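A.B. asks: Everything below, folded, please.
(4 chains)
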Amino acid sequence: MPTENPRILVFAGSMAYLGADNAGLLHKEYPSNSFVVKVPCTTMLRPGLILYALRHGFDGVFVASSGPDCPYLPDCVERTAKRVESAYDLLKKNGIEPERIQLAGICSVCSDAFANNVKQLHSRLKKLEPMRRDGLLVSQ
Amino acid sequence: MAEYGVAGKTLKVDLDVRNLLMDYGASGAALCFNCGNCTAVCPLSENGAPFPRSMVRFVQLGSRQDILHSPEPWLCYFCNECSATCPRDAKPGNTMAAARKYQIRSATIGPVADMLVTKKWGIALLLAVTSLFYFAGLYYVGALKLPTQLLFQAFVPEEVMHIAGMVAGIFAVAVMGIAILRVLYWISRGRQSRYITISKKISAAIRSLPLVITEVVAQRRMSKCETGRPRWIGHMMTMWGFIGLFVTSGLIYMINPNLTNYPYSFTNPIQILANVSAAVLITGMCLILLDRRNHRATTQDHDYFDWVFFYTIFAAGITGLVVEAFRFSGLLMPTFIAYSIHIINVLFLIAFAPFSKFAHVGIRPFVIWYSKYAGLV
Amino acid sequence: MPERIGVYVCWCGGNIADVVNVKEVAKHAAGVPEVVVAKDIMFACSDEGQKTMVDDIKNLKLDGIVVASCSPVLHEQTFRRVAERAGLNKYLYVQVNIREQDSWVHAHDKKGATEKAEELVGMGIEKLARATPLNPIKVELTSKVLVVGGGVSGLTTALELAREGIHVTLVDRDRYLGGFVRRLPDVNPVHRPGKDVIADLYSRVVSTGNVEILSGTDLLEVSGSIGHFRARFKERSGHIRHDADRELLSRAERECPVEVDNEENFGFTRRKAIVLPDDRVPETPYIDMEHCIKCGVCQRLFGEGVSFDASDIEFEEEFSMVVQSTGFQPYLPGRGEFGYGETRRVLTLPEFLRLADTSGKTLVFNGRQVRDVAFVYCVGSRQTETGGPNTYCSRYCCTSTLNTDSYIKKKFGSSINSFHFYRDIRAYGLYETMYERASREKGLFIRYDPASPPSVTAEGERVKLVTKDSLTAGRDIEVSADLVVLVTGMMPSEDGKKLSAALKVSSSKDGFVQELHPKLRPVETTVGGVLVGGTAQGPKDTHESMISGAAAAAKASTLLMKGYTELEPYVVTVSEQKCNGCTQCVTECPAGAISMVEMEGRQVASVNVAMCKGCGACAAICEPEALQLIGYTYPQLRAMVSFSPQPLGAQSK
Amino acid sequence: MSVNEYDVLVIGGGIAGMEAATALGDMGFSVVLVEKEPSIGGIMISLSKVFPTTDCASCISSPKVSTVAHHQNIKLLTYSEVLDVRKENGEFKARVKQKARFVHPEDCTGCLKCEQACPVMVPHEFNQGFVGRKAAYVPFDTAYPRSAVIDLNNCIFCGACERVCPTNAIDFLQKDEEEELSAKAVLITTGGKLFPMERKKEFGYKKISNVINGLQMERLLAPTRPFNTVLRPSDGKVPGKIGYVLCAGSRDASLGNPYCSRICCMYSIKQAILLMGALPLVDVTIHYMDIRAFGKGYEEFYRQAVDMGVQFVRGRVADLNELENGDVLMKSENTDTGKIVEEKYDLVVLAAGILPETHNRTATEALGYATDSIGFIKPRADTIGATEVSEGVFAAGLGTGPKDIVDTIAEADAAASSCASYMKENFGKERAEKILRELM
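C.D. replies: Residues are numbered from 1 along each chain as shown, chains lettered A, B, ... in the order given. Coordinates of the predicted model:
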């Protein structure tokens, strides 16, 4: 049984947030069941936070890092990737499909990339079984 | 592009040619930034023949070949809409005129043409030569003496008139004929034409004739110039007045080769035709003069080449009338002097026609005909 | 933590309201217990809208506001000021983006967009409900500015600041000031030699008495943040007294046996190992120790005034602000690019200008008189078609070339012919008259297609250029010239890149310094206290560089005249109780802002707030969650994430 | 200190005036800003979006408006005109006329009731005449001050507005008032205007209904636009094919303006990109001579337009003619092929050039600055990089030459800086003494 209208949480670094804004300026449509939470830099994400989101009603998490344009860290991509890797491990431990996490670098004018990533994740999540949220090990 | 200049050849920039053309009056071409306004605004531009910008461009590049091989200069009537709206004040109309001069100069005898194109003392020299020729003729037949009666034949014996006219005429026709042939040859070696077979060639040649006739008779193309209405009327009157005078001269020559009873009385039909023609000619020229004055500030640039032609015709007409007037008043000496000036003027006009702006009378109809025939317009 | 929250949902004309049912959203928000008032508003940012909020905050005693409108990028500052005007802490305000990230991207899903707006507003309320009043970090600013780069832009910045009474240190690696402009023989639009323009600026700068000029000085290191930038300099010794007697100097120059290519003129002239200023500023001579053979000729003239082993001086100073006016470097064509390096008769524009300036009454290259000069535009710029790295337009080159054309015709007479192989003539604004002038002076313009750029081949003592000219319907046009001048574009300078890296200033895609807002804040950078002037920010001509330099001065003085600045308080805090002293954060921090300190007998982490950039990298790896990024604390993020219209076993507040 | 004494008089409240006034105010100088229109904001606030970032122009300029409006060091005089200004003893004395609004702005709440009640309808200037406004009206949504004004030229004195005004703010007896003020320096930011396209008769502007200018298209595209979509004026049809005429009224000796207007290429490209976004099926063709995408990020923006399918045809447009169905026939030469192009468009936009705003220039003539043949204020002879146009007088923005917003901002800041330097050098000591006296 596929997931009907999967809910997506987007953690956007400051440049990626501008990219999402840019998608808006150019009216690039994507599924409305997606919510952007702005963070200065995606390096600040604790792996547990991703699991926490899945536990609390989201079907997938898109980590939109600022990529090489990140004003905070030149190696933002590598560091964020490390965080996401740990998140994968956490998901595995809890028997959750790793496909529920998407990672991409989004620049401040990457409007297409932003919209496409959301759309991609949305259609991938649709194919998955609905999230089983009970009994998840919520680590911080 | 096949339609654009000489096909398939690398164009070598030649600044000497450019500079020469700029001396010929195309100095504005330097200012052109090739926006194409002139081409688009030109009421005569037709799709196959993008002018005037293409000509301006060829002048900028100093492409002798392209300028010589283009019919465009002869398709332009100098109506100056291009110059009036040119955003750079590059006066494309003047460039077209310069290109015509360049073709005339190239197709005739260069140094002689220069006398009438750029060398401002040239006309004095040529007039002197003509006068010399005239007086030498009179001297030769022993007629170089003061007149005693008010009879033209008494001033200038018929054989002098015959010989001088013949010499000047033959010279002019020969030079003009060669020039026309050369221009047509160049144009034929320029852009690729559309005819294929001999039979098509012949029928195309015939089918192209009506256009030429309407062009010559009514100057249809010139009338397309929106701003040029007074100019068109002036030009028409000048042309028909001139033709009228030319025909009268021819008629007199044919009907009355010995010039008996010449000049005719004022009621003689031939004389009437002559006088009417002269009046039309002068009126037409006055109209042109007026039009030029009106447009002086805005667009039209008329240079030495242009004024020489204008004033020699004007002078021919005026002196003709003055002769009539003096004759009517019975003034002997003034009539004689005016008549001499008139004859010299006419001789000059005929002899140097192919080198002056007069050449357009010969070249333009042929180029229009050829362009139509070869499918260039 | 706010308990009386006001929520304002903006129509943004129809931008939001056409898609999102703003009244519904406001109604929905009104249902949240902490929300005291929820309104929809036509233009929240308008004065009218702001007034509504101010009145509500005062009348209803609100202790926090949420504005759902456009992106916070646009109006965060605006609404913060609103809060401030109403006497509310400006950080007890949250902006929710329901335009760029909602109404504009879900125009065909009005129901979904409305629900999304409701949820986003809910998340905003959650975030606000866990926010604490904050105060910006106040940094005292001493009136001391470091200007890096002594070109026209840097000199202008220094001049303006000094006139305003601010102390400036101007540093340039070069021994002589003026950068690129110094070498221009004719500066547009004043048509004076660049040296004169620089000398004027210099004398005005000196006359203020407020500028310390460090020319011939390397900037070894720079670090710190607004209010506290530390720079370490190395002043290179000139090995000869600054005030050496002029006549003696000329004699020394004549007698100096070493002769080398003069780099000032790209080797078109020669110089001695003892170098005289020659109208350059500051008017100090120096001995080029790299080539000096220590023969002692000059030593005999100056005695003690010359010392071959004088050492460089290193010193350190502190500044409150830094202006980066590091300029540009001209693009250097690769070997074979338009014949460069293969044919001697192909020069770049900067080289050609020196050739023209150092030539006498006739333009001579390699012993032959030059009559025909061909300029090839857009070399190293607009390289999209050719696959080169520089896709941008270098802005100054068209007008500079047109000016050069007029200059050489003025200097060498109109017998010089010029050919311009261009793509678009960008003689923008009033500079169009220069294009007209170059045309009037019979410059020939040939428009080439970037897909088939002009080929340049040597032909005996001349050079042949062939290209398809789009103005002649794509015909091949051939030009024979004596010299080919490649009109090279601007590249960000290496020094500039190093400085940006040291100060952590972001660069834009083209490699130049990224301005804070490309439209409204052209001379501020992403790092507080660091301003940018002139071509370090992007290509400009002389006039524009000076304007930019003066603008940078304006931005510096708005802060310095006040004497302090305020920084965003979004930095990391440490809970000493939770800290387990693992020191992982110290290594993780990219800004070096964390150190371990002793507290109650154990080692705990401590954050230097002025250095913390607020990236939160440290917080993410802190096992006991002792580190929290203010404004984005994990409790806040968790509350936002778990806010849900259908709570799934989790607490909603 | 008397209320009428200021450090700097800024004339013109467009983006340049606002930027310079803010900078000077932030430095601690007292500034008086005089704007002739009922609201500050200038041209920029009416634009759609800005290139190359496609930020909404009114969104990024309204915070600036707000900053100026609430700045403690800035005194704002809107709907006011400088009548004359002259130099006396090193300071400037100006007479300023406060034009009667017939509304007391301090009482007006901007509720729009008067506007609704007013029966008169005249073309709305802010919306380039596409829609109407009343004789009693608030100039535009984001206007500051957000106060109504009554346009007496069109008012029929029916009194309807007066009756409905809830705060009795309307006062038909209000008169123009004059005040004297003094300043130590003057900054001229009087801006520019579009070239009057009627002067190019071949383009038929104002005769052919579907030929509009660039500023009109800005309004059709702006977030606060009148129709909520792009419609052509003649019949309200959504245009499927739009043609742009660049260098309309610029680079044209035959019209007496030899200059390039510097922004038309870019604003046309921007509008083309916005049109492609707003009308997915639209074809946009830009007829140009040189694409002058010279600023930072501009070339890339131009490339973006090319990639999006905007057509670029080189050749100056020579002639526009109206067809029976309202379409416009455009004639030009495509100079790349040498062919004459006759193209039909649903709508033609003239990318009209920029001229300096010379309204009431005589008022500032006594300041002794020089202007060029078409009225742009010239720098002092032999100066480069300077914004001072005569001693103590500074200028920035479109008044000194066509330029885009970013260059205007830089120039305004530079002018503010030079102005501040001038103040410090000439009045620094006196200022200090004065403050000292006041303290004692």
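
A.B. asks: contacts, neighbours, all on C-alpha from now
C.D. replies: OK.

A.B. asks: Nearest to chain D: which residue in chain A?
C.D. replies: Residue of chain A nearest chain D, by CA to the nearest CA: residue A:26 (6.6 Å).

A.B. asks: tell me the secondary structure for residue B:88?
C.D. replies: With DSSP: H, G, I helix; E, B strand; the rest coil as the basis, residue B:88 sits in coil.

A.B. asks: wait, doesn't it sit right on residue D:250?
C.D. replies: No. Residue B:88 lies out of contact with residue D:250 (CA atoms under 8 Å); the separation is 10.8 Å.

A.B. asks: burial measure for residue A:69, as a count.
C.D. replies: Applying other CA atoms under 10 Å in any protein chain shown, we find 23 residues neighbouring residue A:69.

A.B. asks: ok, it - contacts?
C.D. replies: A:15, A:107, C:506 (CA atoms under 8 Å, 6 or more residues apart in numbering or on different chains).

A.B. asks: just checking, which of the residues you listed belong to helices?
C.D. replies: residue A:15 (DSSP state H).

A.B. asks: OK, contacts around residue B:39?
C.D. replies: B:45, B:50, B:51, B:52, B:53, B:82, D:332, D:333, D:340.

A.B. asks: In contact with the fifth one, which residues?
C.D. replies: Going by CA under 8 Å, 6+ apart, residue B:53 touches B:34, B:36, B:38, B:39, B:92.

A.B. asks: Export the residues you listed to CSV and append columns for secondary structure, distance to residue D:65 and pLDDT.
C.D. replies: Output for the contacts of residue B:53, formatted as CSV (DSSP: H, G, I helix; E, B strand; the rest coil; distance: CA to CA, whole Å; pLDDT from 0 to 100):
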residue, secondary structure, distance to residue D:65, pLDDT
B:34, coil, 44, 96
B:36, coil, 44, 94
B:38, helix, 46, 93
B:39, helix, 48, 92
B:92, helix, 50, 93
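
A.B. asks: Now the buried members of the residues you listed.
C.D. replies: Neighbour counting with 16 or more other CA atoms under 10 Å in any protein chain shown marks B:34, B:36, B:38, B:39, B:92 as buried within the contacts of residue B:53.

A.B. asks: For chain B, what's the nearest residue on chain D?
C.D. replies: residue D:252 (4.0 Å).

A.B. asks: Who is the residue nearest to the spatial centre of chain A paired with across the strands?
C.D. replies: Residue closest to the average C-alpha location in chain A (CA atoms, centre = their mean): residue A:62, at 1.2 Å. Beta-bridge pairing of residue A:62 under DSSP bridges involves residue A:10, residue A:102.

A.B. asks: just residue C:286 next, same as before
C.D. replies: Those that pair with residue C:286 in a beta bridge, by DSSP bridges, are residue C:275.

A.B. asks: you'd agree it is up against residue C:240?
C.D. replies: Yes. Counting by CA under 8 Å, residue C:286 touches residue C:240, with 5.8 Å between them.

A.B. asks: looking just at contacts, which helices and strands does the helix or strand where residue B:350 lies meet?
C.D. replies: Taking DSSP states H and E as the definition, residue B:350 sits inside helix B:332-351. In terms of contacts (3 or more CA pairs under 8 Å, 6 or more residues apart in numbering or on different chains; DSSP states H and E), helix B:332-351 is packed against helix B:122-140, helix B:158-188, helix B:304-329.

A.B. asks: Make a markdown table out of those and add mean neighbour count.
C.D. replies: Shown next, in a markdown table, are those (neighbours: other CA atoms under 10 Å in any protein chain shown):
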| stretch | mean neighbour count |
| --- | --- |
| helix B:122-140 | 16 |
| helix B:158-188 | 18 |
| helix B:304-329 | 19 |
